[in-house]
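Asks: quick one, what's the 3D model for this:
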Amino acid sequence: MEKYQLLIALFLTVALAKVELSTSHVLNGSVTCLDCNTHYDLSGIQVLVKCANVKKLAAAYTEEDGSFETELPSDSSSASPKCLAKIMGGPNQLYSSRKNSVSLIVKANVSEYYTTHKSLNFYQSCPLALKCGAGAAAATNKDFGASKTVDVPLPREWGLAPTSYYFPFLPIIGIP
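Replies: Here you go, the predicted model:
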């Protein structure tokens, strides 16, 4: 009889140890394709969520109807997080302007849920307004710095690959 009581007490201890009082906030949102047919499968599109003063990111993948749900990354001190959601990509090429692919996160009518301020939109094919030409990739990545490679000219007779393969960048070494 004592074995059963000990076993039940151990089981309850383990079961209650798994229960956590969570103060996390849940984000419910959706993405919309602006030039797709009505039965287009929107599953697998990745949405990234970043909150102010929090190092962690939250990622969510959309369902077939374009809806997604994730917990907002937050620390315990923030009561109302300031967050942004952004479409990162999908199983197929997506086209979106910066203003349509990023949205502010706001509190929904339901107390524990948050939602996007505006719909996250994208195009299946490149619209004329986005000017998707050969230089479009460089124009959209203005936030990222270009990596400079150094190529020291070596005689072809040596049969070596370009030096940029060996030393892809020159590290900046600070002198204290």
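Asks: contact partners for the nearest residue to Gly66 once chain neighbours are set aside?
Replies: Nearest non-adjacent residue to Gly66, counting by CB to CB, 6 or more residues apart in numbering: Leu42, 3.7 Å away. Every C-beta, even on glycine, is put in place using the N, C-alpha and C of the backbone. Each residue near Leu42 by CB atoms under 8 Å, 6 or more residues apart in numbering is listed here: 31, 33, 62-66.
Asks: and Leu42, that one's in a strand?
Replies: No - applying DSSP: H, G, I helix; E, B strand; the rest coil, one finds Leu42 to be coil, outside a strand.
Asks: please renumber so the chain begins at 14
Replies: Right, with 14 as the first residue, what we last looked at is Leu55.
Asks: lowest-confidence helix or strand of the chain?
Replies: Across the helices and strands of the chain, mean pLDDT, DSSP states H and E gives its lowest value to helix 149-153, namely a mean of 44.
Asks: sketch out the helices for this structure, chain order is fine.
Replies: 15-31, 111-114, 149-153, 176-179 (DSSP state H).
Asks: where among those is average confidence lowest?
Replies: Of all those, mean pLDDT reaches its minimum on helix 149-153 (a mean of 44).
Asks: among the contacts of Leu55, which ones are buried?
Replies: Among the contacts of Leu55, the ones that count as buried by 16 or more other CB atoms under 10 Å are 44, 46, 75, 79.
Asks: can you name the two of those that are farthest apart?
Replies: With CB to CB as the measure, no two of the buried ones among the contacts of Leu55 lie farther apart than Cys46 and Thr75, at 10.6 Å.
Asks: follow-up on the earlier one: dump the buried ones among the contacts of Leu55 to JSON lines, plus distance to Cys64.
Replies: As requested, the buried ones among the contacts of Leu55 are exported to JSON lines (distance: CB to CB, whole Å):
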{"residue": "Val44", "distance to Cys64": "19"}
{"residue": "Cys46", "distance to Cys64": "27"}
{"residue": "Thr75", "distance to Cys64": "20"}
{"residue": "Gly79", "distance to Cys64": "22"}
